[in-house]
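J.: When you get a sec, could you give me coordinates for this:
(chains A, B and C)
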Amino acid sequence: MKPPLFVTRKERPNRTTAKTGSATVLLVLFLLAAGAAVVTLKGVTDRAVRTKLPGASIIYIPSGKFLKFATFGYRSLAADAIYLWAIQYYSTPTIDDRFDHLDHVFAIVNELDPRYQDPYEVGALIAVEGARDVLSSSRGRDRGDYARSLIQAAFTILDRGDANNPDQWVYTFNAGHVALMTLKDFALAEKYFERCMKIPGAPEFVERLRANAIFNKGDLKTSWETWLDIYNRAPDERTRRIASNHLYNVKATTDGTALEGEATKYRERYGRFPADLGTLVRTGFIREVPKDLDGKDYLYDPATGKVKTVISPWRR
Amino acid sequence: MKIGAIAGITFKEAKRDRILYLLFFFAAVGIVASRVLAVLTVGDRIKIIKDVGLASISIFGILMAILIGTGLVYKEIDKKTIYTLLAKPLHRAEFILGKFLGLVLTLFVMTAAMTVIFLAIVYAHTLKVETGLLVAVVYIFLELVLITAVAILFSSFSTPILSSLFALGFTLIGHLSWGLELILKKMQPGTGRSLVRALSMILPDLENFNFKTEVVHGLPIPPGIPLSAFFYGVFYTAFILGLAVLIFRRRDFI
Amino acid sequence: MADAIRIENLQKRFRLGFIPKTRQILKSITFSVREGETFGYLGPNGAGKTTTIKCLLGLIHPDAGTIEIFGRPHSAPRSRQALGFLPENPYFYDYLTAREFLAFTADLFGLGREVREERIARLLKLVGLERAADLPLRKYSRGMLQRAGLAQALINDPKLVVLDEPLGGMDPLGRKEIRDIIVRFKDEGKTVFFTSHILQDIEMICDRVAIIVGGRIVKEGGLRDLVSEKVLFTEVTVSGLPPETFAGLGESVSSRGDRVLLKVYDEARVDEVVGLIHDRKGRLISLSPRTETLEDIFVDTVTRT
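T.: Below is the predicted model of the structure:
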């Protein structure tokens, strides 16, 4: 019998390729699983509350002077980097003790780049906000001292800004603002506004802020003189009117305080408040009844012994 | 001109080095990424962009100068191409100068390219072509030229790794030597003080070429400094190249 | 005629190793190469051949001695203006093409553009690299690199050509080509100075040779003077006769089948042997006198030193 032309052999599956095929599949599955695990874990770590932030070891650098050497000529860049880090750090509310070294961190930034303006203002802002946070948060112990130290840090930063940039008025301005609004330390505010108004480019209303601080401080005499000076030098009608209103207020306060004091003395002598202000003249407590800056009479309430103006100083 | 011929092939060879393009890529990424980084700041964004941009040009330029410069002479010796080269009617000084100029040309091209990207990113933010930044870039380039000379000096007698370390050391010392001035102020007169003063005179002061902060803040540079810093750079470079020629002339190529 | 190369009392020592041990490579080398002659420089490995060449070219600074090239001190770069050099293992810039490399080499000699272009074309043709001229050198085989090396050595139409082992590593056809080129140099009046291990080639083309052993020149002179025409022995091949037939007349080298190979040292005895073969009815297959070759001189000199 002739042998067939084509001999077909029964095909056996190639064991090598089968092994390779299943190995590849396993590898791919492994990669997918590992990748999914990585992504999930990242999400979990991100959501965790941080009590520390990477890079916080900056706090332990003794001073910016040292860092000036370690940055090998890239001081500005290092200042930027630390500043950016600080912004993230201080915006992380879960880090309880983040305000502990606030001035130190910003001192480093300022030392590295004294002419970089943003960090001074922002540092002071963070300090003031921090003080507010500290006071409002309910903690068992007394946080008053801590808040005060933070406000002090704000002043330290702003003073440094002023020292390094004597041509910039914002630092003394901000400092005066903090003294005025947060601390209510009018003498301090006066000092800052006085320095601020001398810097070229300072807004024209700073001298008025100073005058107001003097008034709030209680030095009525100097306050009157200052407002008078502003009134005389006023460059426009609006400024003159504002000064005039303040002068009215100062006079009203001076007169009112004096009159109320005399009325109280009268009560001590006679057992009751005088019926009217003229009584005080007749009984010799005062020489004459003062009139307000517009020449009008003051309003007197014999029941309480209090003196008021007939019109609000700010609505004249 | 023979120096020109050597500079030409050095440029051709340096152009092929992949490190150059890797570093350029990182510099470009850094400059562009500064725009993203700037979003994180509170306040002036352009300052971050300018600081990162100038630092990128500076850092990557220095890396290019060192990594390529330290291999330049060593490769010729190691690959023995130097035999046929020095058998020509060539002064050994012409060889060193040619290598130097070739690398300087390469660095000029790379610095120019990085600067274009930098100015473009700044323009995208401020819509102004801030040519004032070029002052800082020019002096960064002068610093690169000096570091190139140092790299070639070490390459003429040492292996690439050691040469890179020495050149890097030179750069770091160059940015620290200004501290000697502060030390001097605190020292009592005497031999110690004279020694420190002598050191502060001869050690490189690379801070002379650092106008980055002034340019970013728009501050004026004190008059006279740009000119004296420029000549300081030129003469220090010439000195280093002279040293390199001196050492290279005495070498035996076994 | 002036000397192309004049070396007198050349000395060089090397300090090698971490704790420097001094080795005196060249103890005292003196020889001259006259203009127009082809000079072979021989010696065993480590004798100082390559060191001598490197001193000549200014790659190594001698400790003592004078070297002059066409009367000029070798330290002046100008002395190499009319010199072409091919090193033992050519290494060139592998990113350049042969054409670019030759152009660069031409620039180093200060050749003008027209001269450069003409010479490049001519040399590429001479060495047979016309078709590969625009490929980068890193794609070249060793033989091609050797040819490129030869081309760059000739770019300035040198009066003196220095070759370090030019024939090494080439196949017999390549060696013949190089030999022919060197002979052509001689016709063009060029001086050729080269080192080689392949003594047969030296014998074929050199006018004078010097043998260096252990850092000293042990033999120097014209080839014809050194290698006498003296016959060392005569090889006689005989068939049809047993070896014992020739006892006392010569030394039997080998016998296979009915062939005997004899070495006859005494020239006078050769006739006797031939007569004996004829008498005994044997067959004389061949008769070849072996004269002294350069190799004999060389081995003799080296083993004696």
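J.: what does the stretch 51-200 of chain C have sitting close to chain A?
T.: Neighbours of chain A within the stretch 51-200 of chain C, by Cβ under 8 Å from any Cβ of the partner chain: none found. (Glycine included, C-beta is placed from N, CA and C.)
J.: Centroid-nearest residue for the chain?
T.: I went with chain A, as the question did not name one. A:Leu125 (3.2 Å; Cα atoms, centre = their mean).
J.: think we crossed wires, I meant chain C
T.: Closest residue to the average C-alpha location of chain C: C:Ser196 at 3.4 Å, with Cα atoms, centre = their mean.
J.: In contact with it, which residues?
T.: C:Gly40, C:Leu42, C:Glu165, C:Pro166, C:Leu167, C:Gly168, C:Ile202 (Cβ atoms under 8 Å, 6 or more residues apart in numbering or on different chains).
J.: what's the answer for A:Ile58, then?
T.: A:Ile82, A:Trp85, A:Val105, A:Ile108.
J.: Which ones among those residues map onto helices?
T.: With helices taken from DSSP state H, the overlap with those comprises A:Ile82, A:Trp85, A:Val105, A:Ile108.
J.: For those residues, work out which two are farthest apart.
T.: A:Trp85 and A:Ile108 (10.6 Å; Cβ to Cβ).
J.: So which of the two has more stuff around it?
T.: Neighbours per residue (other Cβ atoms under 10 Å in any protein chain shown) separate A:Trp85 from A:Ile108, with A:Ile108 holding more: 26 against 18.
J.: Please name the residues that touch the more buried one.
T.: Applying Cβ under 8 Å, 6+ apart, the residues contacting A:Ile108 are A:Ile58, A:Ile61, A:Ser63, A:Gly64, A:Leu67, A:Ile82.
J.: Indicate the residue of the stretch 201-316 of chain A located nearest to chain C.
T.: A:Gly201 (61.2 Å; Cβ to the nearest Cβ).
J.: Can you tell me the closest non-neighbouring residue to that residue?
T.: The shortest distance from A:Gly201 to any non-neighbouring residue, by Cβ to Cβ, 6 or more residues apart in numbering or on different chains, is to A:Trp169 (5.9 Å).
J.: What is the burial count for that neighbour?
T.: There are 20 residues near A:Trp169, going by other Cβ under 10 Å.
J.: Next, it: phi, psi?
T.: Main-chain torsions, A:Trp169, degrees, to the nearest 10: phi -90, psi -20.
J.: Which pLDDT value belongs to it?
T.: With respect to pLDDT, A:Trp169 scores 95.
J.: Give me the distance from the strand or helix carrying B:Ala151 to the chain's centre.
T.: If you go by DSSP states H and E, B:Ala151 is part of helix B:133-155. Put simply, helix B:133-155 sits 2 Å off its chain's centre (Cα atoms, centre = their mean, to the nearest Å).
J.: The helix or strand just after it near chain A at all?
T.: Remark: after helix B:133-155, the chain's next helix or strand is helix B:160-174, criterion DSSP H and E. Yes. Using Cβ under 8 Å from any Cβ, helix B:160-174 comes into contact with chain A via B:Thr171, B:Leu172.
J.: Let me know the average pLDDT across the next helix or strand after helix B:160-174.
T.: As assigned by DSSP H and E, the chain's next helix or strand after helix B:160-174 is helix B:179-186. If you average the pLDDT over helix B:179-186, you get 84.
J.: Local confidence estimate at residue 19?
T.: Since no chain was named, I'll use chain A. So, for A:Lys19, pLDDT stands at 65.
J.: Hmm, no, I was thinking of chain C.
T.: pLDDT, C:Ile19: 81.
J.: Over to it. Which of the three states is it?
T.: State at C:Ile19, reduced to three classes by DSSP: H, G, I helix; E, B strand; the rest coil: coil.
J.: Run a quick neighbour tally on it.
T.: When neighbours are defined as other Cβ under 10 Å, C:Ile19 has 6 of them.
J.: Give me the distance between it and A:Phe99.
T.: Relative to A:Phe99, C:Ile19 is positioned 64 Å away (criterion: Cβ to Cβ, to the nearest Å).
J.: that older thread, pick out whichever of the ones in helices among the contacts of A:Ile58 sits closest to C:Ser32.
T.: Among these, and counting by Cβ to Cβ, the member closest to C:Ser32 is A:Ile82, at 75.4 Å.
J.: Could you pull out the buried residues of the helix or strand in which C:His278 is found?
T.: Using DSSP H and E, C:His278 sits within helix C:267-279. Buried residues in helix C:267-279, counted by 16 or more other Cβ atoms under 10 Å in any protein chain shown: C:Arg269, C:Val270, C:Val273, C:Leu276, C:Ile277.
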